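Colleague: Quick one: sequence plus predicted model below, questions after.
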Amino acid sequence: MKARKLPRLSVEEYVQQEIDTNIKYEYHDGKIYALAGGTLNHGLICGNVYSELRSGLKTKGSNCLPLTSEVKLYVEKTNSYVYPDSMVICGEIEQAKNEKNAVTNPELIIEVLSKSTAEYDRGDKFYLYRQIPGFREYVLIEQKKYVVDVHYKSNESDLWKITRYKGLDKMVTLQSIGLTISMENLYYRTDIVLSE
């Protein structure tokens, strides 16, 4: 992850830093990292993801709720606060004790990959997310090609199954929330140049 590193802070100082600067930071047990802005494709895909999740869950009459990257996620086991590109919480929203604007119980987390964060999202961040009780599905969306990787773990197993979807003609299955979303809708209005 390429981000500007700042001095070690308490959770209270971290929250105040965000308020004072109006900048989002990741917090990892006292260390904070300023988050960089995204590309147009990143923003479009994030919007498409939220739209598809909200519409699909609402149509189903689901008790699951999608959240955007404006909502913080707290991982208690590692004392970390992060901003996933999207999350889905089913049932009651559980909030962090020290930060009322942070949630703790997503079942599904989605990240849109960028050149500077792809390695972090696939590695350390996935490890971080796996510390969350009830977390069952992790979706990684490429922004420069039509590729989506879905990591899924059933309630009966600790093994993660990985499914790759490639091409605009594919349908992405999200087992944790019982939705299927077309790749075409995920990548709606994006500008992707495919090299041969």
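Modeller: Structure received. Numbers count the residues shown, from 1 in each chain.

Colleague: Report the beta-bridge partner residues of Val139.
Modeller: Beta-bridge partners for Val139, by DSSP bridges, are Ile110, Val150.

Colleague: Now do the SS call for the closest residue to Leu65 other than its chain neighbours.
Modeller: Distances taken as Cβ to Cβ, 6 or more residues apart in numbering place Ile89 nearest to Leu65, at 5.5 Å, with adjacent residues excluded. C-beta: built from backbone N, CA, C; applies to glycine. Per DSSP: H, G, I helix; E, B strand; the rest coil, the secondary structure class of Ile89 is strand.

Colleague: Return the per-residue confidence for Ile89.
Modeller: Listed pLDDT for Ile89 reads 98.

Colleague: buried sites along stretch 155-168?
Modeller: Neighbour-count burial for stretch 155-168 flags Tyr165 (criterion: 16 or more other Cβ atoms under 10 Å).

Colleague: What's the end-to-end length of that stretch?
Modeller: This stretch, stretch 155-168, spans 30 Å end to end (Cα to Cα, to the nearest Å).

Colleague: Touching that stretch from outside, list them.
Modeller: For stretch 155-168, contacts defined as Cβ atoms under 8 Å, 6 or more residues apart in numbering pick out 136, 138, 146-153, 171-173, 183-184, 187.

Colleague: For it, the averaged confidence score.
Modeller: Taken as a whole, stretch 155-168 has a mean pLDDT of 94.

Colleague: Now do the helices in this protein.
Modeller: Taking DSSP state H as the criterion, the chain carries its helices at 11-21, 40-60, 118-122, 124-129, 183-186.

Colleague: Can you lay out these as TSV showing mean neighbour count and mean pLDDT?
Modeller: Converted to TSV, the helices of the chain look like this (neighbours: other Cβ atoms under 10 Å; pLDDT from 0 to 100):
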stretch	mean neighbour count	mean pLDDT
helix 11-21	14	94
helix 40-60	17	97
helix 118-122	17	95
helix 124-129	16	97
helix 183-186	18	98
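
Colleague: Could you work out which of the ones you listed reaches nearest to Thr78?
Modeller: In terms of Cβ to Cβ, the element of these nearest to Thr78 is helix 124-129, at 5.9 Å.

Colleague: residues in contact with that closest one?
Modeller: Met1, Val75, Thr78, Ser80, Val82, Pro84, Ile109, Glu111, Phe135, Tyr138, His151.

Colleague: Just give me the neighbour total for the closest residue in space to the fourth one that isn't next to it in sequence.
Modeller: In space, and not counting its chain neighbours, Ser80 is closest to His28: 4.9 Å by Cβ to Cβ, 6+ apart. Around His28 sit 16 other residues, with neighbours defined as other Cβ atoms under 10 Å.

Colleague: from what I can see Asn98 touches Val11, true?
Modeller: Yes - in this structure, Asn98 is within contact of Val11 by Cβ atoms under 8 Å, at 4.8 Å.

Colleague: that older thread, widest-spaced pair of the contacts of helix 124-129?
Modeller: The most widely separated members of these, counting by Cβ to Cβ, are Met1 and Phe135 (19.8 Å).
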